[in-house]
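1. this is a predicted model, with the sequence first.
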Amino acid sequence: MIDFTEKLCTHLMRLLDVTTGKVVRVVGFDGGRGLAQKIRQMGLMPGVWARVIRQAPFGGPLLLEIQGRVIAIGRNVAARIEVEEGECDLH
Amino acid sequence: MRFALIGQPNCGKSTLFNQVAGYRAETGNFAGTTVTFTESKVRVLGQVIDLVDLPGTYTLSGSNPAEREVVRYLASRQVDVIINVIDATHLIPGLALTLELMELGRPVVLALNMMDEAVRVGLEIDGACLEELLRIPVRPLIASKGRGVKNLFTTALTAAKAARTAERQRYSHVIEEAIAELAVIMDGRPLPLSPEPMAIKLLEGDAVLWCGVDEDIARLATAVKRSQKNIQQVTGQEAVWVISAERHGMAANLVRKVIRQGERRITFRDGLDDYLLHPFWGYVILVVVFYLLFQSIYGLGSILEGPLLSTFGILEGRIVQTLGGGTLMAELLVGVVQGVSGGVAIVLPYLIPFLVGLGFLEDVGYLPRVAFLMDALMHRVGLHGKAVVPFLLGYGCNVPAVMSTRMLEERRDRFLAAALATLVPCAARLAVIFGLVAFYLGPSLALGIYLFNLFVIALTGRIISRILPEDTPGLILEIPVLRQPTLIAVMRKSWFRAREFIVEAWPILIIGSVILAALNYFHSAVYFNLLVRPVTWLLGLPAQVGVPLIFGILRKELSLIMLRQALDVADFSSALLPAQMITFTVFVVFYIPCLATLAVLRRELGGRDMLVIAGTTVLIATLAALLARGVALVLFSGI
């Protein structure tokens, strides 16, 4: 049997495009090895939930909450992190 | 016997170390304060133990110098027990490291630090349950208040004596298969770690441990590559990601079992970030905080500096009186006194208050918030948000400014931030700007010089980042919880840092001062003036300003004090044209950092970079002063 629900619910996007206050799940990352490692250290790995708390003005960094930790992430880094929206609205 | 303290950045590890070993390690409420390890002997139940404080690390697959240091240390030294400190309020990431440490096949004791914070946010942690699940001793700790320290160390001693190694958790089938396969290949060979942990680290692509593999590297490397490929085929992701994701998963599972989220007691601290990081109020607060910091430091500094310098002035007078003016001995002694007084005039009034203020902001956790607010702006000059701190500090004194570049991870960032910070007009240069430009030409022109300075710094930043492009795509920085700093910790830290200046930079200042005094005795003023003549001629300044400019390297405000002697006038307006005053001031603002700053630059970046920065500043100063001269000539030609 094919499970469609997951495909229907997930909406892939970049972390940069997530609106403030939304909770998303990290899917992947494209970028160099060194950066990937830094991101992993901060706990931003596939399957982890993150909430965008706020965005700094003038193209400044994003503020994320991951597993209770608050992390600031530059926009260029956020643009490389692939996430999916958590809440599934089937109606 | 040796105990190693390991934990993630900002978990309070160094605070614990300082509690037991006296103040030896830098602490601060931001990531990466400890870059190298610090060792100390401590006594536990009558037994002398080597305690080592390793740099904070998120994982053991080291990506930055600090983390590689940890892996290298663990692989090369005999460690009898690992004391893993974790922040009880951030259990999941903390335990992920614990699980990684448990793989190393060494005894591990877990310290749950910041238990008071955990209670505050309403976390109930079942330590006994965690102990049972991990099968290693787990102890509560409040390092900042020294609670639980004794219990932790006696537990560690027992664990070290029993030498009961921690058992690692099991990964998914595909990973375990790869581990087993690699372990068989490595079995019986001399290795930095035992085969299984070695296999895990190699699968994660660890570069450090390869150095410890002596034999048959090619065969092992092929096997590792094959396993990594296999894992990627089965899971669709790189082995390193799979392993760390599984570790995090295990940590999350553990936390689910041992934690109960009680009611979170909301205090005003929790709401504070809404203001501190607010797109409007955040900046207002930023300006107010740093304005207050400057005001209090500058106020305190100016109260102290005057009497201090006049006391030394009297001392100089006495020396000249007793030994007779113009004798070599008197000149040399005066040189020593000037070197000492130069240090006193920097350390006591400015450096110590600055370090106390900085230490306070650091321990509160405000600095990462400043980095968050200023990140966008700092990218314009080729740096990221964290580099804002050296700039702000530079306005007081360049010495702590250069010291603070240490918090940046990339060498290129440290260089650029230090180079730009030395261009910031410090309090001593403020004296020149005010004493010359503001006094004779009006405060608005003095303000103009400050704005011009900002413009030059921004331009320099842009040019240097053309040559050394930014290689990090941006900021990744943990914003720690706001904490209440303790006075004693702040004072100890300030003293620890001030001591660095006293030990390393002050002697150079005194030696430099003596050499200059000797040169002065042999009437080398003419040669000085000749030496600097190309620059003074180019800028249309009288030849006599050469000596003040050279002495200004010792201490920037000396260039103004000596100018009066060199020109032999009481009123500068009778010897210098307005345009010359502006040109001179601009040159003094930018050219070679003072000797104390040079000494710190050498310490932080090395001798070569110090020379590069000093040379660049002369170039910048000449160009900026030429530009200022042109503008000033146009400005004053109408008068």
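-> That came in fine, so what should we check first?

2. near chain A, which residues of chain B are found?
-> B:58-59, B:61, B:63, B:89-93, B:96, B:237, B:240-241, B:244-245, B:248-249, B:252, B:277, B:279, B:368, B:371-373, B:375-377, B:384-385, B:472-481 (CB under 8 Å from any CB of the partner chain). In short, each C-beta sits where N, CA and C put it, glycine included.

3. nearest residue to the residue most central in space within chain B in space, please, no chain neighbours.
-> For chain B, the residue nearest the mean C-alpha position is residue B:406 (2.9 Å; CA atoms, centre = their mean). With CB to CB, 6 or more residues apart in numbering or on different chains as the criterion, residue B:406 has its nearest non-adjacent residue at 6.6 Å, and that residue is residue B:604.

4. so for the residue nearest to the centre of chain B, what pLDDT did the model give?
-> Note for residue B:406: predicted pLDDT of 77.

5. got the residues of chain A near chain B?
-> Going by CB under 8 Å from any CB, the residues of chain A near chain B are A:31, A:34-43, A:45-48, A:54, A:56-61, A:63, A:67-77, A:80.

6. from those, list just the buried residues.
-> If you count burial by 16 or more other CB atoms under 10 Å in any protein chain shown, the buried members of the residues of chain A next to chain B come out as A:35-43, A:45-46, A:48, A:54, A:56, A:60-61, A:63, A:67-77, A:80.

7. the strands in the chain, which residues?
-> I went with chain A, as the question did not name one. For chain A, the strands defined by DSSP state E occupy A:12-14, A:23-29, A:49-55, A:62-66, A:69-73, A:81-85.

8. hmm, no, I was thinking of chain B.
-> Using DSSP E, strands in chain B cover B:2-7, B:38-44, B:47-53, B:81-87, B:108-113, B:123-125, B:138-140, B:259-261, B:476-479.

9. next, the angle strand B:2-7 makes with the fourth one.
-> Between the direction of strand B:81-87 and that of strand B:2-7, the angle (axes from the mean of the first three to the mean of the last three CA atoms, to 10 degrees) works out to 20 degrees.

10. ok, the residue in chain A that chain B sits nearest to - contacts?
-> Proximity of chain A to chain B (CB to the nearest CB) peaks at residue A:74, 2.2 Å away. Taking CB atoms under 8 Å, 6 or more residues apart in numbering or on different chains, we find residue A:74 in contact with A:61-62, B:375, B:384, B:473-476.

11. okay, who's weakest in those by pLDDT?
-> Minimum pLDDT across the contacts of residue A:74 falls on residue B:473, with 66.

12. outside of stretch B:551-559, which residues touch it?
-> Outside stretch B:551-559, the residues touching it (CB under 8 Å, 6+ apart) are B:338-339, B:342, B:345-346, B:426, B:428-429, B:431-432, B:509, B:512-513, B:516, B:548-549, B:562, B:588, B:591-592, B:594-596, B:598.

13. ok, 6 Å please
-> With contact meaning CB atoms under 6 Å, 6 or more residues apart in numbering or on different chains, stretch B:551-559 is reached by B:342, B:428-429, B:431, B:512-513, B:548-549, B:562, B:588, B:592, B:594-595.

14. and the residues of chain A next to chain B, which of them are in helices?
-> A:34-41, A:75-77 (DSSP state H).

15. thought residue B:628 was touching residue B:582, still the case?
-> Yes - with contact defined as CB atoms under 6 Å, residue B:582 counts as touching residue B:628 (5.4 Å).

16. same drill for these two, tell me which one is more crowded.
-> residue B:582 (28 against 25; other CB atoms under 10 Å in any protein chain shown).

17. grab the nearest non-local neighbour of the more buried one.
-> residue B:632 (4.3 Å).

18. count of neighbours near residue B:497?
-> So residue B:497, with other CB under 10 Å, has 22 neighbours.

19. which residues touch residue B:546?
-> Per CB under 6 Å, 6+ apart, neighbours of residue B:546: B:528-529, B:532, B:536.

20. what about 7 Å?
-> B:528-529, B:531-533, B:536 (CB atoms under 7 Å, 6 or more residues apart in numbering or on different chains).

21. quick check: closest non-adjacent residue to the residue of chain B found nearest chain A.
-> When scored by CB to the nearest CB, chain B has residue B:474 as its residue closest to chain A, at 2.2 Å. If the residues on either side of it in the chain are set aside, residue B:474 comes closest to residue A:74, at 2.2 Å by CB to CB, 6+ apart.

22. distance of that neighbour from residue B:79?
-> Distance, residue A:74 to residue B:79, using CB to CB, to the nearest Å: 36 Å.

23. repeat that for residue B:538.
-> 61 Å.

24. out of the two, which sits in the more crowded spot?
-> residue B:79 (21 against 13).

25. isn't the more buried one up against residue B:106?
-> Yes - between residue B:79 and residue B:106 a contact is recorded at 6.0 Å, counting by CB atoms under 7 Å.

26. residues contacting residue A:66?
-> Neighbouring residues of residue A:66 by CB under 7 Å, 6+ apart: A:42-44, A:48, A:50.

27. coming back round to it: now for the contacts of stretch B:551-559: which two are most distant?
-> Farthest apart among the contacts of stretch B:551-559 by CB to CB are B:431 and B:512. That separation is 19.7 Å.

28. so between those two, which is more surrounded?
-> A side-by-side neighbour count of residue B:431 and residue B:512, using other CB under 10 Å, places residue B:512 first with 23 against 20.

29. hang on, isn't that one packed against residue B:596?
-> No - Residue B:512 is beyond contact range of residue B:596, at 9.4 Å (criterion: CB under 7 Å).

30. tell me the spacing between the nearest residue to residue B:59 once chain neighbours are set aside and residue B:337.
-> What sits nearest to residue B:59 in space, not counting adjacent residues and going by CB to CB, 6+ apart, is residue A:41, at 5.6 Å. Applying CB to CB, the value for residue A:41 to residue B:337 is 51 Å.

31. so what's residue 50 up against?
-> Went with chain A since none was named. By CB under 7 Å, 6+ apart, the residues touching residue A:50 are A:24, A:26, A:44, A:64-66.

32. not quite, go with chain B.
-> B:2, B:39, B:41.

33. tell me the confidence at it?
-> Predicted confidence (pLDDT) for residue B:50: 88.

34. show me what stretch B:111-129 is in contact with.
-> Residues contacting stretch B:111-129 (CB under 7 Å, 6+ apart): B:11-12, B:83-89, B:138-143, B:152, B:257-265, B:481.

35. what of stretch B:175-195?
-> For stretch B:175-195, using CB under 7 Å, 6+ apart, the contacting residues are B:75-76, B:104-105, B:170, B:196, B:198-203, B:209, B:212-215, B:219-220, B:223-224, B:227, B:230-231, B:242-243, B:246.
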